[in-house]
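Peer 1: sequence plus predicted model, see below.
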Amino acid sequence: MSTVLATFETFDSFLQQELKKDLLRFTTAGSVDDGKSTLIGRLLHDAKGVYEDQLASVKKSKVNRSNGLIDFSLLTDGLRAEREQGITIDVAYRYFATARRRFIIADTPGHEQYTRNMATGASTANLAIILVDATKGILPQTRRHSYIASLLGIPNLVAAINKMDLVDYREDVFLRLSDDFRELAAQLGIPSAICIPVSATEGDNIVDASEKTPWYEGPTLLEYLETVPVHEAASIESLRFPVQLVIRPDSTFRGFAGQIVLGRVRVGDPIVALPSGKSSSVRSIVTFDGNVDSAGQGESVTLELANEIDISRGDMLVSPSKQPTASTSFAATLVWMSEKPLVAGQSYLAKHTTRAVKARVTNVRHRVNVNTLAHEAAGDLEMNSIAVVDVETSQPLLFDLYEQSRSTGSFILIDPISNATVAAGMILEVSSGSTTPARHLDSRGVDSSVPVTAIEKFERHGHVPAMFLVPGAAIEAVERALFAEGFETVVLRGDALRRELFFHVFDLLYSAGLVILAGAETLDAEVRVKLQQERADRTVFDVSSIADEVASKELISRVLANARSLRLGTHAEKGE
């Protein structure tokens, strides 16, 4: 380190020099035992990206599945379970740098059951290295990971034809596998694909060119990683600035902090705040190091506007010339990540840029068989499934299509109860007739000139309103079961059940689109008779005949079966 620092006047100048280097994020993937972790370990070792204490720890490890002094895979298989099993389970992130560029590596699992982890690691990558075992060729998992790489819009793909030492470094084997991989890349629409013959265990063509492959005249793996273009030409050059935080330290300054995900902004540029559609211009651009005249994609800044506009977290500042789509309905490719299957119609939370809204999957168009790329019919989605679905949100999202922008065209779905991420989505197209002009929306993303309708309430809650009469002793368990399924519930108790108040409260809650629960035995006969008459115009379920001191499986099953019919929306008109 002292030798390196000697070329710089100060440590600060050394840091500035490092920060000026390009950053390449890349991921590794492939089938089980293709040698992904070994390849990355060898790359880190030969590129001098491993600290001495790390190397010493690996040398002392009781686990060594290689024939040499060092098992390079242990440099990335950081979990004890991974070292013991000899597989990669989680995504292992590693950082290293050379004289030309900085790198962040995501070493992803090869097993099929960890497909969701591969999608996570590849979601921010500029390049993917797909390992191909020279002794086995293109395998189903190789196709699966190549498809996910294309699905996520990774612009550059490298096929590292590994274990060339086991096929005696034969050129014909490499050429055959290269042709197979390029054919796969062309089928997936991947614009740039290169094949490199390597041996991770022996270090051939990883950092230094190998004498054992004189027939190969291309770059080594590191040479390619150092020279491949990092910044792809954006199909959208307009500004996209999702507001993350409103900063107001005193009465003289009000700024909007966030990261520029697309385009460039300059002092004096006109901007439009969405969803309100109000216009302003940029007065100043504030950074940690002071004010600047301009800032571009990837930079985190605070923008001060020329005039006061009501803007909050989740809003977006954009260029007036080309604005994003504002819509509550769109088609998307979904990677399902949860062990709990997708329930069509269930309410989730969609996180898109800095905006979070209620959302539901209304329809599964088809599931993709990633081994054959065939479209298969599917009613639900299991973990690691990939499908094209229709999504509806309670408020308009401000997005571009994923093929135009990975930042504004992607979203995640979150389980509102467990707060777990259940899916990652990429927006394909806007549903016909669903686009809402941004200029008609207020700061909350709604059209304030039109009264709220029962259909809108249905879209917000994911179900139409209803009344359930249940045994009083089971009412809390019934509410818990409905709540777990994503229904908006309310329990009527006490004074609200008095005859003179009941129907007034009932009408208010029903018009709000809620699922109302009441203990049947707490209602007098006159109220129950009138409720029976309400069934012609209102959705009322009486399951009180299933009497039990505690909620039985039969009672819960009956309630949930009836409740799920509320998601069909056939009674939405009646709720008006």
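Peer 2: Arrived safely.
Peer 1: where do the strands of the stretch 451-576 of the chain begin and end?
Peer 2: 466-470, 489-491, 515-519, 540-542 (DSSP state E, counting those that start in this stretch).
Peer 1: most tightly surrounded among the ones you listed?
Peer 2: Among the strands of the stretch 451-576 of the chain, strand 466-470 has the highest mean neighbour count (mean count of other CB atoms under 10 Å), at a mean of 24. All C-beta spots, glycine's among them, are computed from the backbone N, C-alpha and C.
Peer 1: who wins for proximity to residue 289 among the strands of the stretch 451-576 of the chain?
Peer 2: Closest approach to residue 289 among those (CB to CB): strand 489-491, 51.4 Å.
Peer 1: what residues does the closest one touch?
Peer 2: 475, 476, 479, 482, 483, 509, 514, 515, 516, 517, 518 (CB atoms under 8 Å, 6 or more residues apart in numbering).
Peer 1: now render these as TSV, adding distance to residue 178.
Peer 2: As requested, the contacts of strand 489-491 are arranged in TSV below (distance: CB to CB, whole Å):
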residue	distance to residue 178
475	67
476	64
479	61
482	57
483	56
509	66
514	61
515	60
516	65
517	65
518	70
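Peer 1: most widely separated two among these?
Peer 2: 476 and 509 (17.9 Å).
Peer 1: who has more neighbours, those two?
Peer 2: Regarding residue 476 and residue 509, a neighbour count based on other CB atoms under 10 Å identifies residue 509 as having more, with 17 against 13.
Peer 1: now for that one: which residues touch it?
Peer 2: Counted by CB under 8 Å, 6+ apart, residue 509 has contacts 465, 490, 492, 516.
Peer 1: can you tell me which one of the residues you listed sits lowest on pLDDT?
Peer 2: Across these, the bottom pLDDT score, 83, is held by residue 492.
Peer 1: bridging residues for the closest residue to it other than its chain neighbours?
Peer 2: Nearest non-adjacent residue to residue 492, counting by CB to CB, 6 or more residues apart in numbering: residue 518, 4.4 Å away. For residue 518, the beta-bridge partners are residue 469 (DSSP bridges).
Peer 1: end to end on stretch 129-147, go ahead and measure it.
Peer 2: In stretch 129-147, first residue to last residue: 13 Å (CA to CA, to the nearest Å).
Peer 1: report the mean confidence score over it.
Peer 2: Per-residue scores along stretch 129-147 average to 87.
Peer 1: could you do stretch 208-217 as well?
Peer 2: 93.
Peer 1: give me the residues contacting that stretch.
Peer 2: 46, 164-165, 169, 171, 174, 196-197, 199, 202-205, 220.
Peer 1: can we see that at 10 Å?
Peer 2: For stretch 208-217, contacts defined as CB atoms under 10 Å, 6 or more residues apart in numbering pick out 46, 161, 164-165, 168-172, 174-175, 195-199, 202-205, 218-220, 222-223.
Peer 1: how far away is residue 474 from residue 304?
Peer 2: Separation of residue 474 from residue 304 (CB to CB, to the nearest Å): 57 Å.
Peer 1: ditto for residue 119
Peer 2: Taken as CB to CB, the span from residue 119 to residue 304 is 38 Å.
Peer 1: cool, and residue 251?
Peer 2: Residue 251 is 14 Å from residue 304, where distance means CB to CB.
Peer 1: quick check: residue 38 is in a strand.
Peer 2: No: Residue 38 sits outside any strand when classified using DSSP: H, G, I helix; E, B strand; the rest coil, being helix.
Peer 1: got a pLDDT number for it?
Peer 2: Reported pLDDT for residue 38: 82.
Peer 1: count the neighbours of it for me.
Peer 2: 26.
Peer 1: you'd agree it is up against residue 30?
Peer 2: No: between residue 38 and residue 30 there is no contact under CB atoms under 10 Å: 11.4 Å.
Peer 1: what do those two both touch?
Peer 2: By CB under 10 Å, 6+ apart, the residues touching both residue 38 and residue 30 are 131, 162.
Peer 1: returning to that earlier point: and residue 251 and residue 304? Which one has more around it.
Peer 2: Using other CB under 10 Å as the criterion, residue 251 and residue 304 rank with residue 304 on top: 17 against 6.
Peer 1: beta-bridge partners for the more buried one, please?
Peer 2: So, taking DSSP bridges as the rule, residue 304 has residue 255, residue 284 as bridge partners.
Peer 1: same check on residue 192?
Peer 2: residue 156.
Peer 1: now residue 105. Nearest residue, chain neighbours left out?
Peer 2: residue 94 (4.5 Å).
Peer 1: so what are the sheet partners of the helix or strand harbouring the one you found and their directions?
Peer 2: Using DSSP states H and E, the element containing residue 94 is strand 92-97. Strand pairing for strand 92-97, using DSSP bridges, gives strand 101-107 (antiparallel).
Peer 1: what about the nearest residue to residue 352 once chain neighbours are set aside, which SS state?
Peer 2: Of all residues not flanking residue 352 in the chain, residue 411 sits nearest, at 4.1 Å (CB to CB, 6+ apart). Here residue 411 is strand, with the state taken from three-state DSSP.
Peer 1: tell me how far residue 411 lies from residue 423.
Peer 2: According to CB to CB, residue 411 and residue 423 sit 9 Å apart.
Peer 1: now residue 375
Peer 2: For residue 375, the distance to residue 423 equals 19 Å [CB to CB].
Peer 1: so between the two, which is more surrounded?
Peer 2: Between residue 375 and residue 423, counted using other CB under 10 Å, residue 423 has the larger neighbour count: 26 against 13.
Peer 1: so who does the more buried one touch?
Peer 2: Shown in contact with residue 423 (CB under 10 Å, 6+ apart): 116, 119, 332, 334-338, 342, 348, 350, 361, 381, 385, 387, 389, 391, 411-415.
Peer 1: same question for residue 408.
Peer 2: 236, 240, 242, 261-262, 316, 318, 324-325, 352-353, 397-402, 427.
Peer 1: select only the buried ones of these in ChimeraX?
Peer 2: Filtering the contacts of residue 408 down to the buried ones (16 or more other CB atoms under 10 Å) takes a single ChimeraX command:
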select :236,240,242,261,262,316,318,324,325,352,353,397,398,399,400,401,402,427
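Peer 1: just the contacts of residue 408: which are in helices?
Peer 2: The helices, defined by DSSP state H, take in nothing from the contacts of residue 408.
Peer 1: out of the contacts of residue 408, which sit inside strands?
Peer 2: Counted as lying in strands by DSSP state E, out of those, are 240, 242, 316, 318, 325, 352, 397, 398, 399, 427.
Peer 1: tell me what the last one is bridged to.
Peer 2: This points to residue 427. residue 332.
Peer 1: my guess is it contacts residue 393. True?
Peer 2: No: under the criterion of CB under 10 Å, residue 427 is not in contact with residue 393, lying 11.2 Å apart.
Peer 1: who touches both of those two?
Peer 2: Between them, residue 427 and residue 393 share the contacting residues 327, 330, 352, 411, judged by CB under 10 Å, 6+ apart.
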